[in-house]
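>>> prediction below, plus the sequence it came from.
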Amino acid sequence: MSRSETKGKGKATSTKILIGGFVMLTIAMGIGRFSYTSILPFMQSQINLSITEAGYLAAINNLGYLVAAFCASLMTSGARKSTHLQVHLVLCILTTGLMGATSSFFLWVILRFIAGLSSGFIFVLASSLVLDALLADKREKRIGVFYGGVGFGIALSGLLIPLFSLHSWRGAWIGLLVVSIILAAIIWRFIQEPKKQHSSLNASDKKFFVKETNLFPYLLIVYGLEGLGYIVSATFLVSYVKQVPNMEFFSDYSWIIVGVAAVPSTIFWSWCMGKMGYVKPLIFALILQAIGVILPVLIPNIFGVTLGSILFGGTFMGISMLAITAARALKPTNGNQAIALMTGFFGTGQILGPIGAGFVMDTTKSYSVSLALATLVLVIAVIVMIMGSVMSNCKNLMNV
């Protein structure tokens, strides 16, 4: 086989893995995790699910996500990622659909925990799998396409949930089960591991490797704060908009806008990463996200909610992509563990966010205070990232 044929075959394989990863994130994250945001208002109105209970369900899902991250960090590089991904994809789909088969809060807690566990494994392992495949073929700039799967899943579920839930909230969960099964069947054979290839560190990775001990701790803190700050809006945005005077009709659209904005955002932030490195785009994205979270509170009308949803949707997956890719570059010989550790910090923030927000909302009877506090957390994340870049003497890194 000629060199060009080998190269073409390698690209075809990495393309299949990229498509498979995109759809896995659509199912595990866009549907398995974030569809809860759109279904929550229906559960609150039809079965009187309290804000505190809603917060606990979100938190237990994030706890499963956190446990998965730390478990994934213990997996050896020789473990078959594709097999684990297939098992957890089935678990994620089943536990999503079973939410509509019971009214027991106790069973919901178990199901959301398992769903969080499976989605966490899928995110970490699929990220590692796709990054390995793209790096081996020197196509790492395509990583933005992979993370766009989350936004696609959010937009897809946001469009379908109002249709599936016409008669009952149960229809939303069961309808998403059917959609997820169809999507999984399409890409099932694409879940494969790339051929082992030796890949040397490029100039960007070498510079990150030198700065590893200085910048990585700051990156962990920032990503943990991001998990704490963003999850409040990700959990309660639709519920907040639904209770704004004259805005109830727009609540479902707000989450669809988030998903639509998220799909191309990762490609944009990937382009920024190629031009400016990781740090500058990460700081800029955090600032825009903070504005996006508070904007619906400051301007509680269609304009404020729409712009806020665009800024939020256009940054939350971009931030994850930038942070995860940076972490892998900082730990080039231990990428799987680096991604898992980052996801663990992120997951810790996601657990604390919904519980804290739920208590604040029950006390103040307002979503606005919780959204304002979430904005403050994101502002702190910006400050920490700036401090980290200065303290780590990252001038060369910021211009990679």
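Sure thing, it's come through.
>>> surely residue 29 is in contact with residue 123?
Yes - with contact defined as CB atoms under 8 Å, residue 29 reaches residue 123; the gap is 6.4 Å. C-beta here means a position set from N, CA and C on the backbone, and glycine is covered the same way.
>>> where in the protein is pLDDT low?
Low-confidence segments of the chain, defined by pLDDT under 70, are located at 1-10, 73, 75-79, 140, 194-213, 331-336, 393-400.
>>> can you point me to the longest helix in it?
When the chain is parsed with DSSP state H, its longest helix is helix 203-243.
>>> which other helices and strands contact that one?
Using 3 or more CB pairs under 8 Å, 6 or more residues apart in numbering; DSSP states H and E, the elements in contact with helix 203-243 are helix 35-47, helix 51-74, helix 251-276, helix 279-298, helix 302-330, helix 335-364, helix 368-391, helix 395-398.
>>> can you give me the buried ones in the third one?
Buried residues in helix 251-276, counted by 16 or more other CB atoms under 10 Å: 251-263, 265-267, 269-270, 272-273.
>>> how much space separates the spatially most central residue of the chain from residue 324?
The residue lying closest to the centre of the chain (CA atoms, centre = their mean) is residue 317, at 5.6 Å. The spacing between residue 317 and residue 324, counted by CB to CB, to the nearest Å, is 10 Å.
>>> please apply the same query to residue 146.
10 Å.
>>> okay, and the common contacts of these two?
Counting by CB atoms under 8 Å, 6 or more residues apart in numbering, the contacts common to residue 146 and residue 324 are residue 127.
>>> out of the helices and strands packed on helix 203-243, deepest packed?
Burial of the helices and strands packed on helix 203-243 is given as mean neighbour count (mean count of other CB atoms under 10 Å); helix 302-330 ranks first at a mean of 24.
>>> now that one, how far from the chain's geometric center?
9 Å (CA atoms, centre = their mean, to the nearest Å).
>>> elements contacting that helix?
Counting contacts by 3+ CB pairs under 8 Å, 6+ apart, helix 302-330 is packed against helix 105-136, helix 143-164, helix 203-243, helix 251-276, helix 279-298, helix 335-364.
>>> of all those helices, which one is nearest residue 85?
helix 105-136 (5.4 Å; CB to CB).
>>> and that closest one, which residues are buried?
So helix 105-136, judged by 16+ other CB under 10 Å, has buried residues 108-109, 111-136.
>>> who does it touch, helix- and strand-wise?
Packed against helix 105-136 by the contact rule (3+ CB pairs under 8 Å, 6+ apart) you find helix 3-25, helix 51-74, helix 81-98, helix 143-164, helix 302-330, helix 335-364.
>>> what's the spacing between that helix and its chain's center?
With CA atoms, centre = their mean, you get 10 Å for helix 105-136.
>>> what do you get for stretch 51-67?
On CA atoms, centre = their mean, the centre of stretch 51-67 falls 15 Å from that of its chain.
>>> then stretch 276-286?
Offset of stretch 276-286 from its chain centre (CA atoms, centre = their mean): 17 Å.
>>> ok, stretch 251-271 next?
In terms of CA atoms, centre = their mean, the centre of stretch 251-271 is set 12 Å apart from its chain centre.
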